[in-house]
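> Here is a sequence with its predicted model. Questions after.
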Number of protein chains: 2
Amino acid sequence: MIYLDNAATSHPKPESVYETVDNVLRNFSANPGRSGHKMAAEADRIIFEARESIAKLFGVEQSDHIVFTPNATGALNLAIQGMLDPGDHCITTTTEHNSVVRPLHFLSQCGVGVDKIRATPEGVIDPERFRRTINLRTKLIVMTHASNVLGTITPVAEIIRIAHEAGVPVLLDAAQTAGSVPINVAELGVDLLACPGHKGLYGPQGTGFLYIAPDVSLKPILFGGSGSRSDHQDMPDFLPDRYEAGTLNTPGIAGLGAGVEFLLATGVENIRKHEIRLCGKLLLGLSAIEGVRVFGVRDPSKRSSVVLFDIEGMDPAAVGDALDSDYEIAARVGLHCAPDAHKTIGTYPTGGVRLSPGYFNTEDDVDATLEAVRAISAGCLENSLVRRMQ
Amino acid sequence: MIYLDNAATSHPKPESVYETVDNVLRNFSANPGRSGHKMAAEADRIIFEARESIAKLFGVEQSDHIVFTPNATGALNLAIQGMLDPGDHCITTTTEHNSVVRPLHFLSQCGVGVDKIRATPEGVIDPERFRRTINLRTKLIVMTHASNVLGTITPVAEIIRIAHEAGVPVLLDAAQTAGSVPINVAELGVDLLACPGHKGLYGPQGTGFLYIAPDVSLKPILFGGSGSRSDHQDMPDFLPDRYEAGTLNTPGIAGLGAGVEFLLATGVENIRKHEIRLCGKLLLGLSAIEGVRVFGVRDPSKRSSVVLFDIEGMDPAAVGDALDSDYEIAARVGLHCAPDAHKTIGTYPTGGVRLSPGYFNTEDDVDATLEAVRAISAGCLENSLVRRMQ
């Protein structure tokens, strides 16, 4: 199988991730931060080390500002629901995933104002439009670092500068970039960073985190045991405990830590270079196939490792089926949980076919995929000619 | 090591749990319910099968009413926050874990009325007190099936009958009983059942679920991609998607499924018998040691597999340290995230020492533990005599 669905969940993981999850699950899965015995203390140490590795990768000074969540959606909900109150205003874009669209839609029904900055059909966003949309009630800007549909990278540094001039904090959804595009929160000045563990960070599903800058205060949205200040009915007032109610996913977080260690050893820059090479080849190759339409900006250095295309006269679902059934190529078709983005580029409601190569894909994988798309497109063209001649 | 902290996280797991997690993480961790390719479809099937196994174990008719959460705390928050609005009234008990105490405390600050039924110092609750406390605004009764401090089993059948006479739904926190005390939601008439995956169900940490009865409607509390109705900004209106925002923990849920399959093959009744035998032996043995005070009801068939004790003149933390350091026995000391329960029995704020045997513990483990407690208590007594003589 050629797996090109890394934008959903990365596969495979580094061997160390598998080994760590198995070892921790077998030997050290006591309750971290709860019981005081040796195995629980070891679980606690494992969680701490994963936090430290993540802090190192993202230029975070205090690792206790990394709050573990079950996925990026959990992190985004904590940031969005934790920050906004009725009467507040929030700015976002038209290239967001439903993990941002849906919490904001919920809050908009509770009296939060939401404005969406419209991207171009290539997914490009003009930072100046944020400046014009910020008002005195604006409490948060939420944006994806790269569209999960088009891959287009958002000019975050410029938007953060504009936001901070107006004193507005920025929540960055790094679902598509964490681990594959370098991010340094200190340099960028990101206030809140939401990341899944199971994509570019090579951790298992069931992991994710929110980085919360020291001067940002959020209401907790989940309440429960924290293993600390147990005699208080309020959640503790310190991080990360304030936002980590309930038993953490120790083996998963250990696996995420191993994934991040792999990234620290490999270098995100090197992963980025490899993925740009594969995406560039895909973009060029697909664009040259008759009947194939490729979306988004053409320069692979301006996108994350995602290429969306469709074939004229063919339902994207049928293209995905053919890739899967006839060529053992795993792609993702449809709306990718991001209807706004598809509306922006004109592919709503059928969506498109998304190929998302990862670090473990090869140029041969890309060649085989291009060959497959060429054959599927030719078959479609032929069928349509036959139909026209009948 | 003798692991007696199963009430926090069970250890070890059945071998099939380790093998399943590893196999699914290595081979089938694509996005369940999202992409359409074979590996994603297989991930989807794995999640479905785990749901079916859980439904079978708990007598649930429709497995889509099992909603996966990252832990019992996530399930309890969804049930409690999803059910109660300002102006509503809720009844709970004084033996609850902070996973119930803290969400209710938060809601009490938002205008939800909360009454706590007081347990006896042995943790026993009189069902009739619920009848007297229900009023026209009562929207929910929340109670633990067994105290995580004392083990005392709540007379749930009777309380549910009283609640239903008044049309009030019941949320059962089965953190201490799921997998080790038989629960049939259809027979009991439980409206909401919150379970951790990583305790008696032998799944890995990072798993849990909420069963939602067909006639119960909850507001979602987390919003995001569901892989369904992607073009709607609201969460889908069908279960389980309505409450499962974001990528699920496929390998963890697969492991939970394997744990539940182990329970179905072994029989919860047999696990219960074994744990009653071990607890009975612990209760008898501890009660016979000079200077040791044992809490809760004496009949092991009236408690879950939890025994709380302390040693006169010794801080519980010191007892736990001695068990861990000198005897390699893992216990849990302190307040166990349940300060209300300790206040009820008079062990607040120092707490006690909790031993929680599981199915994989043996009578030899109990003998060794009794021997260790005997030695620690004798040492403490001797020290105190020496001090008095000086």
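The structure has been received and is ready for your questions.
> tell me which element residue A:129 is part of?
Assigned by DSSP states H and E, residue A:129 belongs to helix A:128-133.
> which secondary structure elements does that helix contact?
strand A:113-117, helix A:156-165 (3 or more Cβ pairs under 8 Å, 6 or more residues apart in numbering or on different chains; DSSP states H and E). Any C-beta I mention is one placed from the backbone N, CA and C, and that applies to glycine too.
> out of everything not next to it in sequence, what's closest to whatever residue of the stretch 251-390 of chain A ends up closest to chain B?
Distances between the stretch 251-390 of chain A and chain B by Cβ to the nearest Cβ are smallest at residue A:337, namely 3.4 Å. The shortest distance from residue A:337 to any non-neighbouring residue, by Cβ to Cβ, 6 or more residues apart in numbering or on different chains, is to residue B:225 (3.4 Å).
> Please report how far the one you found lies from residue A:71.
Using Cβ to Cβ, to the nearest Å, residue B:225 is found at 10 Å from residue A:71.
> before we move on, what about residue A:81?
15 Å.
> quick one: which of those two has more around it?
Per other Cβ atoms under 10 Å in any protein chain shown, whichever of residue A:81 and residue A:71 has more neighbours is residue A:71, with 30 against 23.
> just checking, that one touches residue A:207?
Yes: with contact defined as Cβ atoms under 8 Å, residue A:71 reaches residue A:207; the gap is 7.3 Å.
> and for these two, which residues touch both?
A:196-198 (Cβ atoms under 8 Å, 6 or more residues apart in numbering or on different chains).
> Could you tell me which residues within the longest helix along chain A count as buried?
Using DSSP state H to define each element, chain A has its longest helix at helix A:363-389. The neighbour-count check on helix A:363-389 (16 or more other Cβ atoms under 10 Å in any protein chain shown) flags A:365-366, A:369-370, A:372-374, A:376-377, A:380-381 as buried.
> Then stretch A:349-356?
A:351-356.
> Also stretch A:29-49?
Going by 16+ other Cβ under 10 Å, stretch A:29-49 has these buried residues: A:29-37, A:39-44, A:46-49.
> Which ones, among those residues, also lie beside chain B?
Restricting the buried residues of stretch A:29-49 to those near chain B by Cβ under 8 Å from any Cβ of the partner chain leaves A:29-31, A:34-37, A:39-40.
> So residue A:187 lies in a helix, does it not?
Yes: counting by DSSP: H, G, I helix; E, B strand; the rest coil, residue A:187 is part of a helix.
> ok, now how distant is residue A:274 from residue A:11?
Here residue A:274 is placed at a distance of 16 Å from residue A:11 (Cβ to Cβ).
> Can you tell me the closest non-neighbouring residue to the residue most central in space within chain A?
Taking Cα atoms, centre = their mean as the criterion, residue A:175 is the residue nearest the geometric centre of chain A, at 0.9 Å. Spatial nearest neighbour of residue A:175, excluding adjacent residues (Cβ to Cβ, 6+ apart): residue A:72 at 4.7 Å.
> rewinding a little: so which of the buried residues of helix A:363-389 would you say is closest to residue A:254?
The closest of the buried residues of helix A:363-389 to residue A:254 turns out to be residue A:365 (Cβ to Cβ; 29.4 Å).
> Could you verify my assumption that the closest one touches residue A:356?
No: using Cβ under 8 Å as the test, residue A:365 is too far from residue A:356 to be in contact (11.7 Å).
> and the host helix or strand of residue A:263, what does it pack onto?
For residue A:263, the element it lies in under DSSP H and E is helix A:250-266. Judged by 3+ Cβ pairs under 8 Å, 6+ apart, the packing partners of helix A:250-266 are helix A:15-27, helix A:38-57.
> Looking at the record's assignment, how would you partition chain A?
A:15-266, A:268-389 (automatic domain parsing).
> picking up where we left off before, hey, what's in contact with both of residue A:365 and residue A:356?
residue A:4.
> returning to what we had before: would CSV of the buried residues of helix A:363-389 with distance to residue A:345 be doable?
As requested, these are arranged in CSV below (distance: Cβ to Cβ, whole Å):
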residue, distance to residue A:345
A:365, 25
A:366, 23
A:369, 21
A:370, 22
A:372, 23
A:373, 19
A:374, 23
A:376, 21
A:377, 20
A:380, 21
A:381, 23
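> and which of these is nearest residue B:24?
Among the buried residues of helix A:363-389, and counting by Cβ to Cβ, the member closest to residue B:24 is residue A:365, at 23.1 Å.
> Going along the chain, name the strands of the stretch 151-300 of chain A.
For the stretch 151-300 of chain A, strands defined by DSSP state E, counting those that start in this stretch occupy the ranges A:170-173, A:192-196, A:208-212, A:292-294.
> for those, which one ends up most surrounded?
Neighbour counts (mean count of other Cβ atoms under 10 Å in any protein chain shown) averaged over each of the strands of the stretch 151-300 of chain A peak at strand A:192-196, with a mean of 30.
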